[in-house]
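**Q** Predicted model and sequence below, questions to follow.
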Amino acid sequence: MNNAHIQWARNILEEKKYELQSDIPDVIQDNPWSTVYRFQTNQGLIFLKQVPSALSLEPNVINLLQTEYHANVPFIIAVNREHDCFLMKDAGIQFHNYFKEHFNADIFIQMIRSYTKLQMSVTNKIQQFFDIGVPDWRLENLPNLYRDLINQESLLIDDGLSKDDLIKLKQLEPKLLSLCGKLASYKIKDTFGHADFHDKNILINPSTRQATIIDLGEVVITYPFFSLHNCLHMAKENFKLTDNQHHQLQLACFEPWLELESQKNLFDIISIINQCWSIHAALGEYRLIKSINKADFQKMHRQGRFARKLSHWINHFNNG
């Protein structure tokens, strides 16, 4: 394992007086859009992350969130723009693993409220994020992004959708436009959002219980409840929460938004989000697919990454 980015990481750590227990790091994540290595050192675990160039905005996002908003994000040791990689300190274990034995609602709610506070702080400063390359998924732009996606007919058919499905997707364009219009009528506005926000992309320090959001190369400027809905939905699935537990969690996580909207309106918003969240999720998949090289792209065919989400969108209205 003598890749240039790994050699760079070793050199940086040596310069900064880290003593490596092994020159060969462990590979803890390896997929077409992200490879993460783990170095064991005398100062704790250090992680090296490498991504495609199209997703290399992550260090810039982390720096902005840290310096301007004092957000709990990874601590970056060094960045290499040539190899699209960066080194960061350990921030703990995944919420997913921390809560495996027992789900702690209080810790989860505290994390969500911290995330919500960040979203509220960003609302009137979204241009800062556009300036560093964060994609524009605001409500006014979602229908255009949807249209671009469903026009990728070969990609979608290869993934498992039928020609009849493509016709239905085109017929549903006005429906998405209407739903986005309804969301825009509320007082909650577009802001910072993690397009893949869930318990595996949140770390917790077991000693301090500080939560850290990771995988920040997948952030967008969008409607804030898409990420909130996804995180709550995944928590219900992963931790086997009952409908009542999930509802109580929603109520607690919604509390900061009551400054802007009534509880009834918040649940109306969630009802709308529930109808179109699968579009937002499919756009996230499309972004990842577009970021990878042709060889890796070929390997991703027929995995149903789009088909499952877009079929959910179609079926919701077919069965409604």
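**A** Nice, thanks for sending it over.

**Q** where does I109 sit relative to L249, distance-wise?
**A** 7 Å (CB to CB, to the nearest Å). In this view, the C-beta of every residue, glycine as well, is placed from N, C-alpha and C.

**Q** Could you check which of those two is surrounded by more residues?
**A** In this comparison of I109 against L249, neighbours counted by other CB atoms under 10 Å, the higher total goes to L249 at 21 against 16.

**Q** Show the contacting residues for that one.
**A** Contact analysis of L249 by CB atoms under 8 Å, 6 or more residues apart in numbering lists 105, 108-109, 232, 235-236, 241.

**Q** Endpoint to endpoint, stretch 65-76 covers what distance?
**A** 12 Å (CA to CA, to the nearest Å).

**Q** which stretches of the stretch 101-250 of the chain form strands?
**A** For the stretch 101-250 of the chain, the strands defined by DSSP state E, counting those that start in this stretch cover 191-194, 202-204, 211-213, 219-222.

**Q** Quick check: mean pLDDT of the second one?
**A** Strand 202-204 shows an average pLDDT of 97 in the prediction.

**Q** so how many other residues sit close to L65?
**A** L65: 22 neighbours (other CB under 10 Å).

**Q** One more: the one 10 residues further on?
**A** Applying other CB under 10 Å, we find 13 residues neighbouring F75.

**Q** pretty sure it contacts K89?
**A** Yes: using CB atoms under 8 Å, F75 is in contact with K89, at 4.4 Å.

**Q** that older thread, which one, of the strands of the stretch 101-250 of the chain, ends up nearest to F47?
**A** Closest approach to F47 among the strands of the stretch 101-250 of the chain (CB to CB): strand 202-204, 10.5 Å.

**Q** Quick one: list the elements packing against the closest one.
**A** In this structure, strand 202-204 packs against strand 93-94, helix 95-98, helix 105-122, strand 211-213, with contacts taken as 3 or more CB pairs under 8 Å, 6 or more residues apart in numbering; DSSP states H and E.

**Q** switch to 6 Å and redo it
**A** helix 95-98, strand 211-213 (3 or more CB pairs under 6 Å, 6 or more residues apart in numbering; DSSP states H and E).

**Q** Deepest-packed of those, please.
**A** strand 211-213 (a mean of 21; mean count of other CB atoms under 10 Å).

**Q** which other residues reach that one?
**A** Strand 211-213 is contacted by residues 72, 91, 111, 202-204 when judged by CB atoms under 6 Å, 6 or more residues apart in numbering.

**Q** Now mean pLDDT and distance to D164 too, for the helices and strands packed on strand 202-204, in TSV please.
**A** Output for the helices and strands packed on strand 202-204, formatted as TSV (pLDDT from 0 to 100; distance: least, CB to CB, whole Å):
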stretch	mean pLDDT	distance to D164
helix 95-98	95	37
strand 211-213	96	40
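
**Q** Alright, I will stop here.
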